[in-house]
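> This is a predicted model, with the sequence first.
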Amino acid sequence: MAHVYRLLGESRRRYLLYQLLDEPCVTIDDLATQIVAWERGQSTDAVDEETHQRVCISLVHVHLPMLADHGVVEYDLRSGDVVLTDGIDELEPMLEQFRPTEAVAEIKQQTSASA
């Protein structure tokens, strides 16, 4: 159970998972754009390139490998595709408990596609 808390303890990983629950296959670029928009409270069109790149780097070097190591996502750096795996089944109940506490109104209002 400790690994569940470690995986969900970082808002950026939770945001990544919320987006994948809504859209089970997305690109790293699209994930980064949406995460920046949520973190900054702005539209995806307003995301600046520098911040987008920083988030892409953190996804590729920190968050995606950690989630992949626990069998929650698979990703391909060549294509940029990220997909959920069956490993989400263990995290989703706890992730859904976090949802109402998130600072981003859009996330609070979403319901997971698998619910």
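Now that the structure is in, tell me what you want to look at.

> Only C-alpha atoms from now on, for both contacts and neighbour counts.
Noted.

> I'd say residue 56 and residue 30 touch.
No: using CA atoms under 8 Å, residue 56 makes no contact with residue 30, being 9.4 Å away.

> okay, those two: which has more neighbours?
Using other CA atoms under 10 Å, the more surrounded residue of residue 56 and residue 30 is residue 56, with 21 against 17.

> Without its sequence neighbours, what residue ends up closest to the more buried one?
residue 32 (5.5 Å; CA to CA, 6 or more residues apart in numbering).

> And the contacts of the helix or strand containing the one you found?
Here residue 32, judged by DSSP states H and E, is contained in helix 28-40. Helix 28-40 has contacts (CA atoms under 8 Å, 6 or more residues apart in numbering) with 12, 15-16, 19, 43-44, 46-47, 51-53, 55-56, 59, 80-82, 104.

> Could you do stretch 44-54 as well?
29, 32-34, 36-37.

> Which of those are buried? Put it as a ChimeraX command.
This is the ChimeraX syntax for the buried subset of these, where burial follows 16 or more other CA atoms under 10 Å:
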select :29,32,33,34,36,37
